[in-house]
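J.: here are the coordinates; sequence isn't available:
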Ligand code: PAF
């Protein structure tokens with residue numbers, strides 16, 4: 001496994017691989033590698049010739065009062081896990097090379113980036129889209145792999161790739177969950193024992209709302225009410241930022257179910273913000 005820190009070297013390495021007719025699979029991460037990331041790596045290994053994983057805690061996607069400084073970092077642990085999974089290249093750039101003095105370009109997306117999480121994290125998706133665009137240009141993947149847990153992120157990156165004619169395929173992989181259903185996330189590490197136990201309500205509430213929907217008993221309003229009631233019943237949920245039924249393409253709140261529906265939520269348990277979602281097909 002090769003570790004690359006210099007953007008120019010990554011670009012040259014990718015160019016060489018492309019000239020040799022090899023396809024590149026790319027898994028962008030902020031490190032704190034868990035089974036969710038490893039599932040993306042496994043998929044990439046099955047579908048492409050060379051797998052590149054980036055580890056970069058991207059400062060421009062964190063708000064002023066967010067957790068950039070305390071975001072979990074475990075570079076040695078990450079390198080071990082990725083080596084074991086058979087990753088070919090880890091790209092670990094430094095912030096000063098990603099955003100050198102004078103850096104002044106951003107990918108701004110109206111609408112999609114302002115809804116759901118965007119309403120609570122202004123500027124977050126501009127930071128995500130900008131760094132992902134840069135990483136795509138550096139790594140030159142044929143396929144890039146993202147988890148469904150960050151559903152809004154996948155919608156925004158797909159929009160960006162289409163709008164800017166990026167020649168790559170986006171692969172969205174299923175959310176990997178703990179035994180009690182909690183979606184794997186690097187931020188789960190912030191939860192204390194009681195909070196971790198309480199966090200199981202997140203997926204449980206999504207599952208029961210989706211069962212109601214599938215059974216035909218609920219419209220979007222009822223699904224929203226059900227989700228909010230289930231979440232409020234857990235005393236350690238400190239805040240419900242949003243919870244309801246949304247259009248998976250536009251991320252707008254639904255007034256009537258469609259064939260494909262997104263149940264999504266963002267809550268705070270203590271000071272830890274967690275998100276999750278399920279896609280529900282209506283027959
Ligand atoms: O999902 C993440 O970990 C980040 O948002 C990403 C895509 C690596 C961009 O920094």
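T.: Arrived safely, thanks for sending. Quick caveat: nothing in here was measured; it's all calculated off a predicted structure.
J.: Please identify the residues of the stretch 151-283 of the chain in proximity to the ligand?
T.: residue 153 (C-beta under 6 Å from any ligand atom). For the C-beta atoms, the positions are set from N, CA and C on the backbone; glycine is no exception.
J.: what residues are up against the residue in the stretch 151-283 of the chain that the ligand sits nearest to?
T.: Taking C-beta to the nearest ligand atom, the ligand has its nearest neighbour within the stretch 151-283 of the chain at residue 153, 5.8 Å off. Contact analysis of residue 153 by C-beta atoms under 8 Å, 6 or more residues apart in numbering lists 125, 128, 146.
J.: cool, residue 115 as well?
T.: 152, 246, 251-252.
J.: So which of those residues are in strands?
T.: Using DSSP state E, the members of those that fall in strands are residue 246.
J.: As CSV, the contacts of residue 115 with neighbour count and pLDDT would be great.
T.: Converted to CSV, these look like this (neighbours: other C-beta atoms under 10 Å; pLDDT from 0 to 100):
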residue, neighbour count, pLDDT
152, 24, 98
246, 22, 98
251, 21, 98
252, 12, 98
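J.: Buried residues, the helix or strand where residue 9 lies. List them.
T.: For residue 9, the element it lies in under DSSP states H and E is helix 7-19. Using 16 or more other C-beta atoms under 10 Å as the test for burial, helix 7-19 gives 7, 10, 13-14, 17.
J.: can you check stretch 204-212 too?
T.: Residues 204-206, 209-210, 212 are the ones in stretch 204-212 that count as buried (16+ other C-beta under 10 Å).
J.: start to end distance for stretch 169-184?
T.: 24 Å (C-alpha to C-alpha, to the nearest Å).
J.: Report the rounded mean pLDDT for that stretch.
T.: Per-residue pLDDT values across stretch 169-184 average out to 98.
J.: now do stretch 263-280
T.: For stretch 263-280, the per-residue pLDDT averages 98.
J.: what about it, distance to the chain center?
T.: Centroid separation for stretch 263-280 versus its chain: 12 Å, with C-alpha atoms, centre = their mean, to the nearest Å.
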